[in-house]
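need a structure here:
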Amino acid sequence: MNIRHTLGGNLRLKALALALAILLWCFAMKGEETELAVSVPVRLVHLPPGLEAAGNTPDRLDVRIAVPKLLVGRVKPETLAASLDLSQAREGSLVFSSLDRCLNIPAGVRVVRVQPATVELSLRKASP
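Numbering: from 1, shown residues only. Now for the predicted structure:
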């Protein structure tokens, strides 16, 4: 009877202590980050009709991201991409310099570095 009272007594207090321990563990793990190096594809989206990309546009970017340790297993490098929006583009040269904004990264993940830092793109009229 004494063991039953020891294990079952103060059940609410024990549940509260367990919840606080889990919360503290999550808080401590969230603060720790791991850096990952990933290579992400460059996608040209919303290319206006009648235009095509010319020149040496990189097909991949080397990206270094900081991921909280709790999220490391959830970040799938194959789902990451850099989408360059060309919806307002016209014939000529374009320079994309804020490439970290073009990345589709999950919430909680921070971009540390993108190489190359800029992408220069030339658009010309599509040949028939």
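
for Ser87, give me phi and psi.
Main-chain torsions, Ser87, degrees, to the nearest 10: phi -60, psi -30.

longest helix anywhere in this structure?
Determined from DSSP state H, the single longest helix within the chain is helix 11-31.

so which elements touch the next helix or strand after that helix?
Note on helix 11-31: by DSSP states H and E, the next helix or strand toward the C-terminus is strand 33-45. Contacts defined by 3 or more CB pairs under 8 Å, 6 or more residues apart in numbering; DSSP states H and E place strand 33-45 against strand 60-68, strand 82-85. Every C-beta, even on glycine, is put in place using the N, C-alpha and C of the backbone.

pipe those into JSON lines and attach distance to Glu91 and mean neighbour count per row.
Formatted as JSON lines, the helices and strands packed on strand 33-45 follow (distance: least, CB to CB, whole Å; neighbours: other CB atoms under 10 Å):
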{"stretch": "strand 60-68", "distance to Glu91": "25", "mean neighbour count": "18"}
{"stretch": "strand 82-85", "distance to Glu91": "16", "mean neighbour count": "18"}
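
I'd like to know how many residues surround Val114.
22 (other CB atoms under 10 Å).

and the residue lying closest to Gly55 once chain neighbours are set aside, what's its pLDDT?
Counting by CB to CB, 6 or more residues apart in numbering, Gly55 lies nearest to Ser122, which is 4.4 Å off, once chain neighbours are set aside. Ser122 is assigned a pLDDT of 91 by the prediction.

same check, this time on Leu44
92.

ok, now which ones touch it?
Counting by CB atoms under 8 Å, 6 or more residues apart in numbering, Leu44 makes contact with 53, 57, 84, 86, 121.

stretch 66-83: how far from the chain's middle?
For stretch 66-83, the separation from the chain centroid amounts to 5 Å (computed by CA atoms, centre = their mean, to the nearest Å).
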